[in-house]
Structure formats: structure tokens, C-alpha cells
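In: heads up, no residue letters with this:
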């Protein structure tokens, strides 16, 4: 018994150490992209006196022109903790992010052990999760750590809930962790779904025990939604004018995109070309929908094989972790135009994906023992491939220039990526290189005020005052920020 426990502990520790080693090079990275606005230029992180405001205001309240779209007070608190310890030392921030990811990997191992009771299978699940290259955005980008934080809390809540059948104290801890997780990121609602699924298979839904076990989690969710409504003034933000029909028609292609990044994570980026489907077409709707139906059929067959076995509950719990956190990413009306697809949305779903792979391995090993060794060899090859790919793909997040350059390469039609690349060129005092990029952006996406403002500044530097005034005027009309208005007045005063 002691020997088995030691081997289990050793397997989990090995997964964590390997994960730590693979992601450790990101400790040399700096602050990139939103890190500047969310961390370096955020006055609310300078003092604990702002703590109550984290819970009374939306996440970007310190930026006057940002809409009230996100309510994540625990995430801002996490940023404040890091700032209090590391200030503007990027190495400390990145070490904190890596360690949080290692903790999530350990929790995937623990959850797999509870569900599947096999340390080899748990090791497979934790290694897939810990080394998956799609985590580059969440682990290597500090502002993306909200997904890591929420996942740690959700997985811990689920593990505690599974332990509560033997000790009721863990039930209370599970409820508390779930409540805290909701304050980190809204996708933590998957914790409620997991509890409902597990309780459904454990208790008769018509009995009081079902309501007693699952009811408080539902109550916590309702309280969170009410709090979100009070702070944001709405439950779901609206950032784009995409119709419900276009959203529904685009969902299959987006789902295939995320499935591809789960199975074949290469050429990753912070930006991707967005193809909103305005009317059903063969390539944009029919074929992706067909792929999804085939995948659903295969999952249904796998689930049927597990009926009335110990793996049935694990299967549906893994599906919940895979699908539920992704659902908000398909509601395009709530997302920023041109900025719909992100690998960070897959951080928590990878836990469900890893559990499904581990469950399939266990099922095949039981039915065909002769395949165990070849499958282990294949898994070792996949783990090595993941590890090498993660170290390569993470380099994209090393600096703003590498991030935006990769974005422009991978997504040549994404105007957000091009605008950010031009902005970085301007910071490097390369306005001449930024001008053609910005001219393309304002032609393709005339609603992007930031592009007009930067183009106006570049024209001004080149001595093209009339054109500079035109671009700054458009920027002010789109976003009348005081600094833009002042710059335009100063330019006109010089005429």
C-alpha cells in the first residue's frame, strides 16, 4: 500500500517537474500586449486601498474608454498580489504564472486518479495537459493567466466535491472554491455543470439528497449572476453587431478551428483570420458541420461503450470540462470584432480533452492488453512532440514585436494584428514602415480609431500636416479621447 502510494506521488511529481522544465524558458519574457494597460499602466495595482474597487467595478475600469464587459475581481486581486511581490519585475510574474500552471497540472493528475484510479492513466492525462502547446497564450502571456487561475480553482473544487462523499467538510470547501472561481472568470460555471453531472449519476434527482448536494452550487451561481448584473449593468456584454443567425452559422467553423488546435497545435498566434459566415456555404458551414457531426457520433459510440461502468461518470465529466468553458467563445456578439479566436479559450477544455484521451487509453488497455506497450511508446512520442512544440510556440509571446509579427504572418487579413504591429513599429521609431500597414488597415477597417490616430501621428512626423489632420479628425469622431482632441487642436493651431 505504501509502495503504491509512493509510486503515485512520484508519477504526479514527475509530471509537474517536466511541465515546469518545459515552460521555464518563458521566465525571460517581458510584458506584452495588454500587460501594458492591465499591469504596468494600471494605477489600481499600486495599493491595497483599491481592493474594494476590484469587486465594485469592471475589470478595465481604470481605462475610461473601455466598455464594462468583464467582471473578474479575483483576477485583478491576483495581479495586485503579484505586483505587491514583484512590482514591474517581469521574471517574478512569469515564474508565478508557470507555478500556477504546474499546480493546474497537479490537479489534473489528482482528478484523473480519483476518476480512473490508475496512476499510469493519470500520468498520461496530466502530461497531455501540462505540455500542450496551445497553453502558450495562457502561460507565457501574463494577462492570459486568468484562465489558469480559474482552472486551478475549478479543478480544486471538483476534486473536493469528489472527496466529500467520505468527509462532508470537503463539500463546504468545494462550494467556497467554486464561488471564488466564478470571480476569476465566468467560464468557471463549468463547476456547476460538473457537480450536476456527478450528482445525477450518484443520486436520484427526485430525492432531497440531490437538491442538498447540488443546490448550494446553483445558489452560488445565481448570486454571482446577480452581482455581475449589478456591477456591469448586464449579464452579457454586446461588443459587435453580428446577428444571431450569423453567429449560429459561424459556430461550426469556429468549433473545427478549436478542435484542430486541440489535436494539431501548430503555427499558433495571438491573432487569427476571422471568417464570419453570413450565409450557409459548403466550406464555411456544411463541411465544418459535417465534421462536428462525425466527431459527435464517435463520442457517442465511445460513451455507449462506457455505459453502466465506472468510466461513465468520468466520460461525461470530461465532456463537461471540454465543452462548457468553450461555449462563451461562440457567442460572437459579446466579443470584440476582429478578435474572436484565441487559444487561451482552450486552457480549461484541454483538461477535459486530456481526461478523454486517458479514458480511451484505459479502455483499450483493458480490452486489448497487447496494445499497451505500443500505446505507451506512441504517448511518449506525443509528449516529446508537445514539449518541443510548446517551447517553440511560446517564443511568440517573448515580445510585442514577435507577437505582432507572427500575428500578421498567420492572419494577414486580421486588421487588429496589423494595427498592433504598426503601433510597435512606431514605438521603435519606424514610422516609415508603419505607414503602409496603417493605410491598409484604415482602408479595410475604417472604424478602427487607433489606426487613424497612429496614422495621423506618422503623417505629422513626415511633415504631411493636411493628411495628419484628416486622420486625427476621424480618430476623434470615432473615439473623442481628451488626448486626441488636444492633439488635433494643437495641430490646427499651428496652421
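Out: Perfect, I can see it now. Note that the structure is predicted; figures quoted are calculated from it, not measured.

In: Need the three-state assignment for residue 62.
Out: Classification of residue 62 using DSSP: H, G, I helix; E, B strand; the rest coil returns coil.

In: can you tell me how far it sits from residue 150?
Out: Residue 62 is 21 Å from residue 150, where distance means CB to CB, to the nearest Å. C-beta here means a position set from N, CA and C on the backbone, and glycine is covered the same way.

In: what about those two, which has more around it?
Out: Neighbours were counted for residue 62 and for residue 150 using other CB atoms under 10 Å; residue 150 has more, 29 against 18.

In: The more buried one reaches residue 181, doesn't it?
Out: Yes - Residue 150 is within contact range of residue 181, at 5.5 Å (criterion: CB atoms under 8 Å).

In: what's the overlap in contacts for those two?
Out: Common neighbours of residue 150 and residue 181 (criterion: CB atoms under 8 Å, 6 or more residues apart in numbering): residue 188.

In: contacting residues around the closest residue in space to residue 164 that isn't next to it in sequence?
Out: Excluding its sequence neighbours, the residue lying closest to residue 164 (CB to CB, 6 or more residues apart in numbering) is residue 171, at 3.6 Å. Listed by CB under 8 Å, 6+ apart, the contact partners of residue 171 are 160-161, 164, 213.

In: Within its local environment, how many residues does residue 225 see?
Out: Counted with other CB under 10 Å, the neighbours of residue 225 add up to 14.

In: same check, this time on residue 278
Out: When neighbours are counted by other CB under 10 Å, residue 278 comes out with 13.

In: Also the one 10 residues further on?
Out: Burial measure for residue 288: 22 neighbouring residues, criterion other CB under 10 Å.

In: what about the nearest residue to it once chain neighbours are set aside, which helix or strand?
Out: Distances taken as CB to CB, 6+ apart put residue 252 closest to residue 288, at 3.7 Å, once the chain neighbours are dropped. Assessed by DSSP states H and E, residue 252 sits inside helix 244-263.

In: what about the stretch 101-250 of the chain, any weak spots by pLDDT?
Out: Counting by pLDDT under 70, the stretch 101-250 of the chain shows low-confidence ranges at 203-206, 238-239.

In: Enumerate every residue touching the most centrally placed residue in the chain.
Out: The C-alpha lying nearest the average C-alpha coordinate of the chain belongs to residue 344 (CA atoms, centre = their mean; 2.6 Å). Residue 344 makes contact with 137-138, 141, 144, 147, according to CB under 8 Å, 6+ apart.

In: Which one of these sits in the busiest neighbourhood?
Out: Using other CB under 10 Å as the neighbour test, the contacts of residue 344 are led by residue 138, with 29 neighbours.

In: Is it in contact with residue 348, as I believe?
Out: No - Residue 138 is not in contact with residue 348 according to CB under 8 Å; the separation is 9.3 Å.

In: Which neighbours do those two have in common?
Out: Jointly contacting residue 138 and residue 348 under the rule CB under 8 Å, 6+ apart are residue 147.

In: how's the chain carved up into domains?
Out: 2-398, 414-493 (automatic domain parsing).

In: Can you list the buried residues in the host helix or strand of residue 222?
Out: Assigned by DSSP H and E, residue 222 belongs to helix 208-232. Residues of helix 208-232 classed as buried: 210, 213-214, 216-217, 220-221, 224, 227-228, 231-232 (neighbour count, 16 or more other CB atoms under 10 Å).
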